[in-house]
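# Prediction below, plus the sequence it came from.
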Amino acid sequence: MKIICVGLNYRKHAAEMGRPLPPEPMIFLKPDSALLKKNKPFFIPDFSKNLQFEAEVVLRISKLGKGIAAKYADRYYDALTVGIDFTARDLQHKFSQAGHPWELSKTFDGSAPLGTFIPAERFPSHSDISFSLEINGEPRQEGNTSDLIFGFADIIEYVSTFYTLKTGDLIFTGTPSGVGPVKKGDNLVARLAGETVLDFFVR
Ligand code: MG
């Protein structure tokens, strides 16, 4: 399986990163070894001094597809949750400044904690789903899919022109503003439409 991620997909987050809005979805992939399931702890890797959280709505692909038209995109995923796109921000900046791919800063082992899935049909509108991240009981990120620059259908249409989507593939749809560093002992709790889907510790 593959984990497809969208970067800079909320205006306020692009602004806090000091980046212009992308004219088309900005895509990168994480390997399956990035996945962290069942609320297992996240261990801060030794290679980063600025490891940051990015809470994102995640789609679970449920059907094989290629060249999917946006109007049919909702037939290709069956469940949603929240995941964290952990980012070694210091490495990302270092690689970017060198003009190199920053892939390693976001795709290392354990960089994709994944919540419990909620069936897609439980959400009346997929373009109005709230989600949030709390750290140690304090609100840190609040998002709503109504603020996505590229919505679920646009993302699926775009990525499926390049990649065949397969059952079990995941799409991380981008983070809202409020990203920041984690430290040992932090407890991250993510909610989707008010339901707790992710609850784990940083070690
Ligand atoms: Mg992200």
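Received, thanks.
# In this protein, what residue comes closest to the ion?
For the chain, the nearest residue to the ion under the criterion CB to the ion is residue 85, separated by 3.5 Å. From N, CA and C alone the C-beta is placed, and that goes for glycine too.
# Now do the contacts for the residue nearest to that residue when sequence neighbours are not counted.
Counting by CB to CB, 6 or more residues apart in numbering, residue 85 lies nearest to residue 54, which is 4.1 Å off, once chain neighbours are set aside. Shown in contact with residue 54 (CB atoms under 8 Å, 6 or more residues apart in numbering): 84, 85, 86, 87, 175, 179.
# what pLDDT does the residue of the chain positioned farthest from its centre get?
Relative to the mean C-alpha coordinate of the chain, counting by CA atoms, centre = their mean, the farthest residue is residue 98 (25.0 Å). With respect to pLDDT, residue 98 has a value of 97.
# So it versus residue 22, what's the distance?
Counting by CB to CB, to the nearest Å, the separation of residue 98 from residue 22 is 21 Å.
# residues in contact with the helix or strand bottoming out on mean pLDDT in the chain?
The weakest-scoring helix or strand in the chain, judged by mean pLDDT, DSSP states H and E, is helix 11-16 (a mean of 92). By CB under 8 Å, 6+ apart, the surrounding residues in contact with helix 11-16 are 8, 20, 21, 22, 147, 149, 174, 175, 176, 177, 178, 179.
# what packs against the helix or strand just after that helix?
Downstream of helix 11-16, the next assigned helix or strand under DSSP states H and E is strand 26-30. The helices and strands touching strand 26-30, judged by 3 or more CB pairs under 8 Å, 6 or more residues apart in numbering; DSSP states H and E, are strand 3-7, helix 104-107.
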